[in-house]
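**Student:** pasting the structure only:
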């Protein structure tokens, strides 16, 4: 779902059992397998969301899937012995994290998919680490080094290439979609920097609360203002909705936690760059979207910048 939530899960790994030292090789392979399941699951959600948006509105669809997934994650957390209780002092930070990590991030990125392609939306959203690196300068005093500036230049170059092609008119609805996707990434990055201290909650519990609190307003707003029509739902769209609820917002978080128990956070975070790549390729296969030189060049530039930004963040931490 998001790097901010993911970083909090990394901080809560002390509550999870460590992999046996005598079986590091097989545990490492299992971690890689879990990581691939997570990346593929999250990647396929991008074209799946496109399919859903053909028949149902974005906020209601995402909100309903998120609320159901949050309830399921809460059950899993309880079965694993994780407490669902939130310390009173942590409630304001939990609400703030739910706002930036879920409501703004998922809400704006989902709405943006009405007007942009999967390649455009995924790449713009995954510029988040670049903006976080930029915000860390005035807020945390973490001045970018040469690597950080290069990451910013590459990332912005990728965005310019993506938005500067003839396939995207900056004066039409696609400009609105691009602006929403970028806003989602920028707001998420700002929330990441402002809420840098991990929440004092177990991993699955933290995710369940954030997803639930962030998606409930989407569900309510969608029901009140978007007026979804149940009869408009097609079998393919229903399958995509079920998939989004069960896999990207449910099972993929469990495989993500399993991967983090066996691999370094740096390896896992960098591997998540597979998501926009696989999402774009799956949209080409499933939706017939085009993948031209512009998209490929933008992908190379943007993901190179994100990789450098992630590397700088790990060095700083």
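**Tutor:** In hand now; what should we look at? Since this is a predicted model, take the numbers as computed values, not measurements.

**Student:** in the stretch 51-200 of the chain, what spans have low per-residue confidence?
**Tutor:** For the stretch 51-200 of the chain, the stretches with pLDDT under 70 are 165-171.

**Student:** do the stretch 201-317 of the chain as well
**Tutor:** 311-317.

**Student:** Is the residue nearest to residue 131 when sequence neighbours are not counted inside a helix or a strand, and which specific one?
**Tutor:** Distances taken as Cβ to Cβ, 6 or more residues apart in numbering put residue 189 closest to residue 131, at 3.6 Å, once the chain neighbours are dropped. C-beta: built from backbone N, CA, C; applies to glycine. Residue 189 is part of helix 173-194 when elements are defined by DSSP states H and E.

**Student:** Is the residue nearest to residue 131 in contact with residue 125, as I believe?
**Tutor:** No - if you go by Cβ atoms under 8 Å, residue 189 and residue 125 don't touch, sitting 10.8 Å apart.

**Student:** all helices of the stretch 201-317 of the chain, in order?
**Tutor:** Assigned by DSSP state H, counting those that start in this stretch, the stretch 201-317 of the chain shows helices spanning 203-221, 235-246, 252-262, 265-271, 274-287, 293-316.

**Student:** Please name every helix or strand in contact with the second one.
**Tutor:** Going back to what we said before, that points to helix 235-246. helix 24-53, helix 58-79 (3 or more Cβ pairs under 8 Å, 6 or more residues apart in numbering; DSSP states H and E).

**Student:** what's next to the shortest one, contact-wise?
**Tutor:** Applying Cβ atoms under 8 Å, 6 or more residues apart in numbering, the set of residues contacting helix 58-79 from outside is 49, 52-53, 84, 102, 106-107, 110-111, 113-114, 202, 204-205, 207-209, 211-212, 214-223, 225-226, 228, 241, 244-246, 249-250, 253-254.

**Student:** same question, stretch 181-191
**Tutor:** 2-4, 96-97, 99-101, 104-109, 112, 116, 120-121, 124-132, 134-135, 159.

**Student:** What is the neighbour count of the nearest residue to residue 209 once chain neighbours are set aside?
**Tutor:** Once flanking residues are discounted, residue 209 sits nearest to residue 94: 5.9 Å by Cβ to Cβ, 6+ apart. Other residues near residue 94 come to 19 when the count uses other Cβ atoms under 10 Å.

**Student:** Could you do residue 88 as well?
**Tutor:** Residue 88 has 7 nearby residues by other Cβ under 10 Å.

**Student:** now the one 4 residues further on
**Tutor:** For residue 92, the count of nearby residues is 9 (other Cβ under 10 Å).

**Student:** element containing it?
**Tutor:** Short version, using DSSP H and E: residue 92 is in helix 91-98.

**Student:** in the helix holding residue 189, what's buried?
**Tutor:** For helix 173-194, burial by neighbour count (16 or more other Cβ atoms under 10 Å) applies to 174, 177-193.

**Student:** just stretch 123-137 next, same as before
**Tutor:** Neighbour-count burial for stretch 123-137 [16+ other Cβ under 10 Å]: 123-136.

**Student:** Which helix or strand contains residue 199?
**Tutor:** Going by DSSP H and E, residue 199 is not in any helix or strand.

**Student:** That one touches residue 90, doesn't it?
**Tutor:** Yes - counting by Cβ under 8 Å, residue 90 is a contact partner of residue 199 at 5.7 Å.

**Student:** still on that earlier bit, buried subset of the contacts of helix 58-79 as a ChimeraX selection?
**Tutor:** In ChimeraX, a selection of the buried entries from the contacts of helix 58-79 looks like this (16+ other Cβ under 10 Å):
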select :49,52,53,102,106,107,110,111,113,114,202,204,205,207,208,209,211,212,214,215,216,217,218,219,221,222,226,241,244,245,246,249,250,253,254
